[in-house]
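*Asks:* Let me see the structure of the following:
(3 chains)
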Amino acid sequence: MSFIQIFLLGMLIVCALAVSLTKNLLTSLIVYMAYSLIMAIIWMMLESPDLAITEAAVGAGITSVLFFVTLKKIHAIKGDREHE
Amino acid sequence: MSKKRSDWESRPQARIKKWFFDGYSAFDDEIINQISVKTPDPVNHAVYDAYIDEISANKHERKLMIEKFEDQNVRSWINARGRKVFTRFYVILSFLLACLMIFFLLRTVAEMPRFGSETSPGINEVTARYIEKGLDETGAMNIVAGMILDYRAFDTLGESTVLFIAASAVLILLRIDRNKDGSPVMELIAEESDDRHYEPRNDRILQGAAKVLVPIIFLFGIYIILNGHLSPGGGFSGGAIISAGLILYLDSFGFEKAGRFFTYSTFSWVSFISLSFYALAKTYSFYMGANGMESGIPLGTPGAILSSGLILPLNIAVGMVVACTMYIFYALFRKGGL
Amino acid sequence: MWELLYENLEQTVSVILFGIGLTILLLQRNLIRKIIGLNIMDTSVYLFLASMGYINGRKAPIVVDGIQDVEAYINPIPTGLVLTGIVVAVSFTAIMLALTIRLYRRYRTLDIDAIMLLAKGEDA
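*Replies:* Alright, predicted model coming up:
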């Protein structure tokens, strides 16, 4: 178990916690995008390059874009405070 | 004093505490007051204003209705504080449930076979068969592609169908129709003006960058699809990359230009042809005996681009379905139509 | 137990991520956050599956130099399963986001409890 692997796995947990603890919806979405990219790197380290490409394109790309458009639709992207 | 208080509230442990204890106070009065105030930012557009006024009137009625309902049923209950205790109890119980679940699953993980060991029970004769015979039977260098598009091809057909059904569901949920004579309805005008309110229109930098980037992204996506049986990648990832290029084009040049080559009929025809080609091809292949028996489809030399039988056309079909579906997701989310 | 957990670090992390996602799903009232929590649970299950297929010192299942030996490549089956899962995850995320937009258009809020209250008020 190399250092970089432990570091990446720790960052996964940190990102997952940060998603729920940040106040702003846009911030938590960007953190989720970072989570997906870290996941892509971990799959590269688990010797599954198919999964890495798919996760980077679908998970970090398309899903995040859909989330961003939704945020724009519900007018949460301009205000600095989320409305609960 | 107030500054100190806000200072304390902005610190992380206070935020965690607030989230922990006060996060679930649904029946408080302040939330009911908060519900009604949010309106979209005003746009300098007469029709849009009228639309917003109509919504606001509805909202006022709704608020009155809530207040009436609240007075009748809930008010006494809220003031009795029983509800607050219940919500706090709920928070603690959820945490306990999650912790218990993590604990038991961790006990299970400790009993699992070691990570990276060669003797784990997941590695059995199926794996051996896929690896040893995969290249001879499917002709694909990428064993995963050979697996999901040859041995387990109906699985992938179902997956593509799931994507198509999801696109149809989003179409039903978000599409805004025009009037019979083609004139836009009020909701569509409101959505369009709202859409343009935030978007940069005819932005030189964005268009210049898109002119350079979009062909390269398309080329990369096509490369990934066509090399799906030789290298990592395949229909799903390549289709997603192509749809990313399409989305970039749509964002920089607008719906008018994108609508010249992508309409509803493009979506339905591409999806229909790809899915039915997939189903027919695999039905033929399975009918003739799938497991490396003679089906009249040449496998070619492994490593060449035109090899491995049906895997290359199936990859192209899957890639086209995925690209169309992702693009139509984006268009529907943005404006409710193409 | 702790040494064993450290040896299976990938699976441990995936279990913890599953718990975090479940907690987000239970405790957050914002619909968007709930959807992100569900996605995190998804990804944790994929991590668990993919880590089951990994074998130390072996390479990705792409045939190089004509070597067709079980001893040379990792297990390709979890990769195929997870590939299916990722694509299905994005489609259900899209459907849930579309439902969220519809709910927002009707009730002008994302709070699940407020939406329940408003819906009750409409019925009454």
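*Asks:* how about the helices in chain C?
*Replies:* Here chain C has its helices, by DSSP state H, at C:2-7, C:9-27, C:31-52, C:76-107, C:112-123.
*Asks:* what helices or strands is the first one leaning on?
*Replies:* Read it as helix C:2-7. Judged by 3 or more Cβ pairs under 8 Å, 6 or more residues apart in numbering or on different chains; DSSP states H and E, helix C:2-7 is in contact with helix B:82-111. (Glycine included, C-beta is placed from N, CA and C.)
*Asks:* ok, then the element right after the helix it packs on?
*Replies:* On the C-terminal side of helix B:82-111, the nearest following helix or strand under DSSP states H and E is helix B:125-138.
*Asks:* Mind listing what's buried along that following helix?
*Replies:* For helix B:125-138, a neighbour-count test (16 or more other Cβ atoms under 10 Å in any protein chain shown) marks B:127, B:130-131, B:134-135, B:137-138 as buried.
*Asks:* And stretch A:48-62, by the same measure?
*Replies:* Using 16+ other Cβ under 10 Å as the test for burial, stretch A:48-62 gives A:48-62.
*Asks:* when you check chain B, which of those residues turn up near it?
*Replies:* With Cβ under 8 Å from any Cβ of the partner chain as the criterion, these include A:49-50, A:52-54, A:57-58, A:61-62 near chain B.
*Asks:* restrict these to those near chain C?
*Replies:* Restricting these to those touching chain C (Cβ under 8 Å from any Cβ) yields A:49-50, A:54, A:58, A:62.
*Asks:* Am I right that residue B:298 sits in a strand?
*Replies:* No - counting by DSSP: H, G, I helix; E, B strand; the rest coil, residue B:298 falls outside a strand, being coil.
*Asks:* Could you find the closest non-adjacent residue to it?
*Replies:* With Cβ to Cβ, 6 or more residues apart in numbering or on different chains as the criterion, residue B:298 has its nearest non-adjacent residue at 6.9 Å, and that residue is residue B:309.
*Asks:* Is that neighbour in contact with residue B:137, as I believe?
*Replies:* No - Residue B:309 is beyond contact range of residue B:137, at 9.6 Å (criterion: Cβ atoms under 8 Å).
*Asks:* shared neighbours of those two, anything?
*Replies:* Each of residue B:150 lies in contact with both residue B:309 and residue B:137 under the rule Cβ atoms under 8 Å, 6 or more residues apart in numbering or on different chains.
*Asks:* what would the ones next to chain B among the buried residues of stretch A:48-62 look like in a markdown table with pLDDT and secondary structure?
*Replies:* Listed next are these as a markdown table, based on pLDDT from 0 to 100; DSSP: H, G, I helix; E, B strand; the rest coil:
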| residue | pLDDT | secondary structure |
| --- | --- | --- |
| A:49 | 90 | helix |
| A:50 | 90 | helix |
| A:52 | 92 | helix |
| A:53 | 91 | helix |
| A:54 | 91 | helix |
| A:57 | 91 | helix |
| A:58 | 90 | helix |
| A:61 | 88 | helix |
| A:62 | 91 | helix |
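*Asks:* quick one: average pLDDT of stretch B:109-124?
*Replies:* Average pLDDT, stretch B:109-124: 82.
*Asks:* Oops, could you answer that again for stretch B:276-287 instead?
*Replies:* For stretch B:276-287, mean pLDDT is 87.
*Asks:* again with stretch C:88-99
*Replies:* Averaging pLDDT along stretch C:88-99 gives 92.
*Asks:* Just send the helices of chain C back as TSV, with mean neighbour count and distance to residue C:70 too.
*Replies:* Listed next are these as TSV, based on neighbours: other Cβ atoms under 10 Å in any protein chain shown; distance: least, Cβ to Cβ, whole Å:
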stretch	mean neighbour count	distance to residue C:70
helix C:2-7	13	23
helix C:9-27	22	22
helix C:31-52	22	16
helix C:76-107	20	11
helix C:112-123	17	50
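*Asks:* export the ones you listed to CSV and tack on distance to residue A:74?
*Replies:* Putting the helices of chain C into CSV (distance: least, Cβ to Cβ, whole Å) gives the following:
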stretch, distance to residue A:74
helix C:2-7, 41
helix C:9-27, 19
helix C:31-52, 8
helix C:76-107, 5
helix C:112-123, 13
